[in-house]
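Undergrad: Prediction below, plus the sequence it came from.
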Number of protein chains: 2
Amino acid sequence: MSADATEAGRGRRVGMVGGGQLARMTQQAAIGLGIELVVLAGSREEPAIDAGAAFEPGSPTVLDDLRRLAARCDVVTFDHEQVEPDYLVALESEGVQLAPPAAAKLHAQDKLHARRALAGHGFPLPDFAEASSIEEFDRFAAVHGWPLVAKAPRGGYDGRGVWMPADREAAGRLLAETPGPFLLEPMLEIELEVAAMVARSANGEYVSYPVVETVQRGAMCREVIAPAPVSSGLADSARAMAVEIAEAIGGVGMMAVEFFVTARGLLVNELALRPHNSGHYSIEGCVTSQFEQHLRAVLGLPLGDTSLTAPSVVTVNVVGGEGPEGPDARLADGLAVPGAHIHLYGKQSRPGRKLGHVTVCGQDAEATANAARAAASALEGGSK
Amino acid sequence: MSADATEAGRGRRVGMVGGGQLARMTQQAAIGLGIELVVLAGSREEPAIDAGAAFEPGSPTVLDDLRRLAARCDVVTFDHEQVEPDYLVALESEGVQLAPPAAAKLHAQDKLHARRALAGHGFPLPDFAEASSIEEFDRFAAVHGWPLVAKAPRGGYDGRGVWMPADREAAGRLLAETPGPFLLEPMLEIELEVAAMVARSANGEYVSYPVVETVQRGAMCREVIAPAPVSSGLADSARAMAVEIAEAIGGVGMMAVEFFVTARGLLVNELALRPHNSGHYSIEGCVTSQFEQHLRAVLGLPLGDTSLTAPSVVTVNVVGGEGPEGPDARLADGLAVPGAHIHLYGKQSRPGRKLGHVTVCGQDAEATANAARAAASALEGGSK
């Protein structure tokens, strides 16, 4: 994508594939900049359309729907990874501006592709192998032992598409039930997980965000702690590596690099080429939020300051429980927690579904985290 | 309005009369809280509808249009003052929840009513008189001298509805051209103007915001400096007085009290019972923005922290110039100023029209103001 293609943001109609919470929060940012966000979504009930984004009805799995979105917009970007990579290549061949470009986006869509590419560039990674047969599982287990981690290269998120076969028999059942190939990894001893976000502009300008800790529970990101409680050396290294990866793969827009911190040091886990859960804290916690930054980057507009606005910023996700009532029914309880910035996504409550998040900015990491947890818990209907 | 009428915000459809920039920024805040904002507006082009608020077509001057808005909502509030006060009384008699109530709102709609009420409560005011005849102008001028300030009690804003007759002859021409009565004031020697904002909830809870300086040029607020460069004694006094006024008149929602700072001390100038230009800085500059706070207050939800997020916060309005191009054509120039938070209102450019604002948060008052001015100037097409 060339810099002059976006003419420094002059044509400001941005198309987004997918109408979830990332598109919803991008819409909030688009309002202030006077940018029209057009969202390809299945219904008017989706979070971004509910928040006022322009509605292009359609599906990310239908090429003509993607074409219709592109025809309305100056640049097309993404709320998620679930778009057929071949369709993105087709759109580009027809002259559609994608941000990120199809070749870069593939690193977030196909874990095997990403691992191979990152290995080729020399970035530190967990050991990995591709496996489609029990013999290939055996070969990896011979080195790393059971259990193994097996991941679907495409389509997984929030713990879906991840299995941990305990032995050869379990691996056999997995192969019988689920079409491969799989990305195999050893069970790593992880000290903590961190994420580094970078925004790279259509014209090559980039900025990076402070490194955060992402606290996972039930294979889902539940808390984000900014700054990450790691040494400045490790944080600097993660931040620098994220920039190098963005350059190496030609990302445009926001990109999140998720790392495992292990005894071996930093290992790159996954990439997301879009705004990401690990950056929600930036709405209040950084001078420029990841959503505004994404719009600036995909339009080739000047990028903004990524500094923290407070010494400690903590985001806690609000996740659906068993009851039918969502967090909107408990909004007053959440707002009663001083300093709680509440973001509800306008989604129906379902067990385990991300329905919103809370961010608190403060001076002290522990007090800040406790306040954010208290507000999220209140919204989930737990004890305050 | 009773507290239980809003059931602590359970029914979260808020109606707003008027679809300008205040409604637009309220819509941005409503998204995060999962509140549906329904706006009575003349067209889909108005700033709030453009930003995705639900559209109720109609006019604030048609009682049945107001009734239709109210029928869709749990509470009705306002983007401006231009609603016939008698209609608000009629709506309340029909059971509509207004926030603020009609009797409170009248203090922002009718300057003479406000002056008399505030004088009755003992608040410090400029000397004033009502005048409908040249004799009444003469009587006031005999005490205060010419020129005088004559204001239309209703309908003025941004300098409209304000005259400064230099002598008896000019006053006579004004009386011949414009139907009275007028609110007369002496030409005051004003050191600076400050504003204090209060949010008062439907259940009587209140919070107040830091006192700000409002810098006027061409009878329009051009800059807002937070905190106001005044003694803490004067700031505390303005803040306390704003709370007392909110209580005295029974305001619900955001309220701004504009003060003149004179050799005689603080004098109350005007009230606005709605979010106000002097509070735009709070979007980034306070923990809880005036727009979110307004929604919380009118729904009886717990109120939020009003602390500043930085030592210095400055907002500069972006005003239309002579050319046909608006600030959206110069967005990149504005965004090139580090730390500039840009808010465009989606309005057609016209000379003297408020088209947006820029806020910068910083450590140092002068550097912060200079950055905000540079970004606003760039958006206006001036020198950077």
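TA: Received the coordinates, thanks.

Undergrad: what secondary structure does whichever residue of the stretch 1-150 of chain A sits closest to chain B sit in?
TA: Nearest to chain B, among the residues of the stretch 1-150 of chain A, is A:Gly52, at 1.2 Å (Cβ to the nearest Cβ). In this view, the C-beta of every residue, glycine as well, is placed from N, C-alpha and C. On the three-state scheme (DSSP: H, G, I helix; E, B strand; the rest coil), A:Gly52 is labelled coil.

Undergrad: That one contacts B:Ala30, correct?
TA: No. Using Cβ atoms under 8 Å, A:Gly52 makes no contact with B:Ala30, being 9.7 Å away.

Undergrad: Mutual contacts of these two, please.
TA: Common contacts of A:Gly52 and B:Ala30, defined by Cβ atoms under 8 Å, 6 or more residues apart in numbering or on different chains, comprise B:Ala53.

Undergrad: Which one's more surrounded, these two?
TA: Per other Cβ atoms under 10 Å in any protein chain shown, whichever of A:Gly52 and B:Ala30 has more neighbours is B:Ala30, with 30 against 25.

Undergrad: I'd guess the more buried one is in a strand, am I close?
TA: No. Note on B:Ala30: no strand contains this position according to three-state DSSP, which reports helix.

Undergrad: pLDDT wise, what is it at?
TA: Looking at B:Ala30, its pLDDT is 97.

Undergrad: Grab the nearest non-local neighbour of A:Trp163.
TA: A:Ala150 (4.7 Å; Cβ to Cβ, 6 or more residues apart in numbering or on different chains).

Undergrad: Spit out the contact partners of the residue nearest in space to the middle of chain A.
TA: Centroid check for chain A by Cα atoms, centre = their mean gives A:His276 as the closest residue, at 3.0 Å. For A:His276, the contacting residues are A:Leu22, A:Ala195, A:Met197, A:Met254, A:Ala256, A:Gln290, by Cβ under 8 Å, 6+ apart.

Undergrad: Need those residues in CSV (columns: pLDDT and distance to B:Leu69).
TA: Output for the contacts of A:His276, formatted as CSV (pLDDT from 0 to 100; distance: Cβ to Cβ, whole Å):
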residue, pLDDT, distance to B:Leu69
A:Leu22, 98, 32
A:Ala195, 98, 44
A:Met197, 98, 42
A:Met254, 98, 38
A:Ala256, 98, 42
A:Gln290, 98, 36
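
Undergrad: I'd guessed A:Ala119 sits against A:Leu125; true?
TA: Yes. At 5.7 Å, A:Ala119 counts as touching A:Leu125 under the criterion of Cβ under 8 Å.

Undergrad: Please identify which of these two sits among more neighbours.
TA: When neighbours are counted by other Cβ under 10 Å, A:Leu125 comes out ahead of the other of A:Ala119 and A:Leu125, with 17 against 13.

Undergrad: OK, contacts around that one?
TA: Per Cβ under 8 Å, 6+ apart, neighbours of A:Leu125: A:Arg115, A:Leu118, A:Ala119, A:Leu267, A:Val268.

Undergrad: Give the other helices and strands that the helix ranked longest in chain A contacts.
TA: Across chain A, the longest stretch assigned as helix under DSSP state H is helix A:232-249. Identification of packing neighbours for helix A:232-249 by 3 or more Cβ pairs under 8 Å, 6 or more residues apart in numbering or on different chains; DSSP states H and E yields helix A:102-109, helix A:111-120, strand A:190-200, strand A:206-208, strand A:253-262, strand A:265-272.

Undergrad: mind putting the ones you listed in CSV, distance to chain B included?
TA: Formatted as CSV, these follow (distance: least, Cβ to the nearest Cβ, whole Å):
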stretch, distance to chain B
helix A:102-109, 23
helix A:111-120, 31
strand A:190-200, 13
strand A:206-208, 11
strand A:253-262, 16
strand A:265-272, 22
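
Undergrad: among these, which is nearest A:Pro181?
TA: helix A:111-120 (7.0 Å; Cβ to Cβ).

Undergrad: Get me the contact residues on chain A for chain B.
TA: A:8-10, A:12, A:24, A:27-28, A:31-34, A:51-53, A:287, A:296, A:301-302, A:304-305, A:309-310, A:327-329, A:331-332, A:335-336, A:338-339, A:341-346, A:356, A:361 (Cβ under 8 Å from any Cβ of the partner chain).

Undergrad: List only those of the residues you listed flagged as buried.
TA: A:8-9, A:12, A:24, A:27-28, A:31-34, A:51-53, A:287, A:296, A:301-302, A:304, A:309-310, A:327-329, A:331-332, A:335-336, A:338-339, A:341-346, A:356, A:361 (16 or more other Cβ atoms under 10 Å in any protein chain shown).

Undergrad: Flag the shaky bits of the stretch 101-250 of chain A, pLDDT-wise.
TA: Of all residues in the stretch 101-250 of chain A, those with pLDDT under 70 make up the ranges A:157-159.

Undergrad: that older thread, among the buried ones among the residues of chain A next to chain B, name the ones in strands.
TA: A:His341, A:Ile342, A:His343, A:Leu344, A:Gly356, A:Cys361 (DSSP state E).
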